[in-house]
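Asker: only the shape, not the letters, is given here:
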(Lines give C-alpha, C1' and ligand atoms only; values in the text may rest on other atoms or scores of the structure.)
Protein backbone atom coordinates (compact mmCIF):
# COMPACT_ATOMS: atom_id res chain seq x y z
CA UNK A 1 0.00 0.00 0.00
CA UNK A 2 1.41 3.41 -0.90
CA UNK A 3 0.64 6.56 0.98
CA UNK A 4 0.65 9.93 -0.69
CA UNK A 5 2.41 12.81 0.96
CA UNK A 6 0.26 15.61 2.35
CA UNK A 7 -0.32 18.41 -0.16
CA UNK A 8 0.11 22.08 0.72
CA UNK A 9 -1.25 24.84 -1.50
CA UNK A 10 0.86 28.01 -1.37
CA UNK A 11 -0.97 31.15 -2.53
CA UNK A 12 1.08 34.34 -2.76
CA UNK A 13 1.32 37.00 -5.46
CA UNK A 14 4.96 37.74 -4.57
CA UNK A 15 7.09 35.35 -6.63
CA UNK A 16 9.99 35.29 -4.15
CA UNK A 17 7.74 34.59 -1.17
CA UNK A 18 5.85 31.89 -3.12
CA UNK A 19 9.17 30.26 -4.03
CA UNK A 20 10.47 30.48 -0.45
CA UNK A 21 7.30 28.96 1.02
CA UNK A 22 7.16 26.25 -1.65
CA UNK A 23 10.78 25.27 -1.08
CA UNK A 24 10.37 25.30 2.69
CA UNK A 25 7.34 22.99 2.75
CA UNK A 26 8.73 20.72 0.01
CA UNK A 27 11.95 20.22 1.98
CA UNK A 28 9.79 19.33 5.00
CA UNK A 29 8.29 16.43 3.02
CA UNK A 30 5.08 17.89 1.64
CA UNK A 31 3.87 17.94 -1.94
CA UNK A 32 3.36 21.55 -3.02
CA UNK A 33 1.15 23.39 -5.46
CA UNK A 34 1.83 27.12 -5.76
CA UNK A 35 -0.30 29.81 -7.38
CA UNK A 36 -0.21 33.59 -7.57
CA UNK A 37 -3.81 34.67 -6.99
CA UNK A 38 -7.11 33.81 -5.36
CA UNK A 39 -8.89 32.70 -8.51
CA UNK A 40 -6.10 30.24 -9.34
CA UNK A 41 -6.18 29.03 -5.72
CA UNK A 42 -9.88 28.17 -5.89
CA UNK A 43 -9.44 26.46 -9.26
CA UNK A 44 -6.53 24.40 -7.90
CA UNK A 45 -8.54 23.41 -4.81
CA UNK A 46 -11.26 22.03 -7.09
CA UNK A 47 -8.86 19.93 -9.17
CA UNK A 48 -6.18 19.00 -6.58
CA UNK A 49 -7.60 19.40 -3.07
CA UNK A 50 -4.85 20.34 -0.62
CA UNK A 51 -4.45 19.13 2.95
CA UNK A 52 -3.52 22.66 4.06
CA UNK A 53 -3.47 26.14 2.50
CA UNK A 54 -0.86 28.85 3.11
CA UNK A 55 -2.71 31.95 1.93
CA UNK A 56 -1.50 35.52 1.51
CA UNK A 57 -4.17 37.91 2.78
CA UNK A 58 -3.71 40.58 0.13
CA UNK A 59 -3.93 39.17 -3.39
CA UNK A 60 -4.97 40.61 -6.75
CA UNK A 61 -8.52 40.03 -8.00
CA UNK A 62 -9.90 37.86 -5.18
CA UNK A 63 -8.12 38.53 -1.88
CA UNK A 64 -7.14 35.94 0.71
CA UNK A 65 -10.08 36.78 2.96
CA UNK A 66 -12.53 35.97 0.15
CA UNK A 67 -10.63 32.79 -0.75
CA UNK A 68 -10.61 31.67 2.88
CA UNK A 69 -14.35 32.31 3.19
CA UNK A 70 -14.95 30.25 0.04
CA UNK A 71 -12.85 27.38 1.37
CA UNK A 72 -14.55 27.38 4.76
CA UNK A 73 -18.09 27.71 3.38
CA UNK A 74 -17.74 24.71 1.05
CA UNK A 75 -18.63 21.43 2.85
CA UNK A 76 -15.97 19.61 0.78
CA UNK A 77 -13.16 21.86 2.05
CA UNK A 78 -14.57 23.22 5.32
CA UNK A 79 -12.07 21.25 7.42
CA UNK A 80 -9.03 22.16 5.31
CA UNK A 81 -6.68 24.17 7.55
CA UNK A 82 -5.93 27.67 6.29
CA UNK A 83 -2.97 29.69 7.51
CA UNK A 84 -3.32 33.35 6.56
CA UNK A 85 -0.02 35.15 5.96
CA UNK A 86 0.63 38.86 5.52
CA UNK A 87 3.41 41.40 5.58
CA UNK A 88 0.82 44.08 6.36
CA UNK A 89 -0.08 42.84 9.81
CA UNK A 90 -2.65 44.82 11.73
CA UNK A 91 -5.38 44.03 14.22
CA UNK A 92 -7.87 44.50 11.36
CA UNK A 93 -6.09 41.96 9.13
CA UNK A 94 -5.99 39.46 11.99
CA UNK A 95 -9.69 39.90 12.83
CA UNK A 96 -10.69 39.75 9.13
CA UNK A 97 -8.69 36.51 8.80
CA UNK A 98 -10.40 34.91 11.77
CA UNK A 99 -13.82 36.12 10.60
CA UNK A 100 -13.14 34.50 7.21
CA UNK A 101 -12.43 31.21 9.00
CA UNK A 102 -8.62 31.09 8.99
CA UNK A 103 -7.18 28.58 11.42
CA UNK A 104 -4.05 30.64 12.05
CA UNK A 105 -2.59 34.05 11.25
CA UNK A 106 1.15 34.48 10.61
CA UNK A 107 3.00 37.73 10.07
CA UNK A 108 5.76 38.03 7.47
CA UNK A 109 8.64 37.80 7.92
CA UNK A 110 8.15 34.52 9.74
CA UNK A 111 10.52 32.03 11.30
CA UNK A 112 10.69 28.93 9.13
CA UNK A 113 10.87 26.54 12.09
CA UNK A 114 7.84 28.11 13.74
CA UNK A 115 5.79 27.98 10.52
CA UNK A 116 6.73 24.33 9.91
CA UNK A 117 5.76 23.41 13.48
CA UNK A 118 2.41 25.16 13.00
CA UNK A 119 1.83 23.28 9.73
CA UNK A 120 2.69 20.00 11.45
CA UNK A 121 0.29 20.70 14.32
CA UNK A 122 -2.57 21.62 11.98
CA UNK A 123 -1.97 18.45 9.95
CA UNK A 124 -2.10 16.34 13.13
CA UNK A 125 -5.39 17.94 14.14
CA UNK A 126 -6.78 17.39 10.63
CA UNK A 127 -5.66 13.74 10.63
CA UNK A 128 -7.20 13.14 14.06
CA UNK A 129 -10.49 14.63 12.87
CA UNK A 130 -10.52 12.28 9.85
CA UNK A 131 -10.19 9.28 12.16
CA UNK A 132 -13.31 10.06 14.18
CA UNK A 133 -16.27 7.74 13.77
CA UNK A 134 -19.53 9.23 12.40
CA UNK A 135 -21.02 9.80 15.87
CA UNK A 136 -17.93 11.62 17.08
CA UNK A 137 -17.85 13.73 13.89
CA UNK A 138 -21.47 14.76 14.48
CA UNK A 139 -20.60 15.94 18.00
CA UNK A 140 -17.60 17.94 16.75
CA UNK A 141 -19.63 19.50 13.93
CA UNK A 142 -22.36 20.42 16.42
CA UNK A 143 -19.78 22.11 18.63
CA UNK A 144 -18.34 23.95 15.61
CA UNK A 145 -21.78 25.28 14.68
CA UNK A 146 -22.25 26.56 18.23
CA UNK A 147 -18.88 28.35 18.22
CA UNK A 148 -19.53 29.74 14.74
CA UNK A 149 -22.81 31.21 15.93
CA UNK A 150 -24.99 28.63 14.22
CA UNK A 151 -28.11 26.99 15.69
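Answerer: Cool, got the structure. The model shown is predicted, which means the values in this text are computed figures rather than measured ones.

Asker: use CA for all of it now, contacts and neighbours both
Answerer: Fine.

Asker: scan this structure for its longest helix.
Answerer: Assignment by DSSP state H gives helix 112-130 as the longest helix of the chain.

Asker: residue 86: neighbouring residues, count only.
Answerer: Taking other C-alpha atoms under 10 Å as the neighbour definition, residue 86 ends up with a count of 20.

Asker: quick one: the strands in the chain?
Answerer: Counting by DSSP state E, the chain has strands at residues 7-11, 31-35, 52-56, 82-86, 104-107.

Asker: same list (these) but as CSV, adding mean pLDDT and distance to residue 63.
Answerer: Listed next are those as CSV, based on pLDDT from 0 to 100; distance: least, C-alpha to C-alpha, whole Å:
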stretch, mean pLDDT, distance to residue 63
strand 7-11, 98, 10
strand 31-35, 98, 13
strand 52-56, 98, 8
strand 82-86, 97, 11
strand 104-107, 96, 15
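
Asker: which one of the ones you listed lies closest to residue 67?
Answerer: When the strands of the chain are ranked by proximity to residue 67, the top entry is strand 52-56, at 8.4 Å, counting by C-alpha to C-alpha.

Asker: what sits up against the closest one?
Answerer: By C-alpha atoms under 8 Å, 6 or more residues apart in numbering, the residues outside strand 52-56 that reach it are 7-13, 64, 68, 80-86, 119, 123.

Asker: from those, keep the buried residues only.
Answerer: 7-13, 64, 68, 80-86, 119, 123 (16 or more other C-alpha atoms under 10 Å).

Asker: so for stretch 50-68, what gets flagged as buried?
Answerer: Counting neighbours by 16+ other C-alpha under 10 Å, one finds that the buried residues in stretch 50-68 are 50-59, 62-68.

Asker: repeat for stretch 95-107
Answerer: Within stretch 95-107, the residues scored as buried using 16+ other C-alpha under 10 Å are 96, 97, 98, 100, 101, 102, 103, 104, 105, 106.

Asker: right, I'll leave it there.
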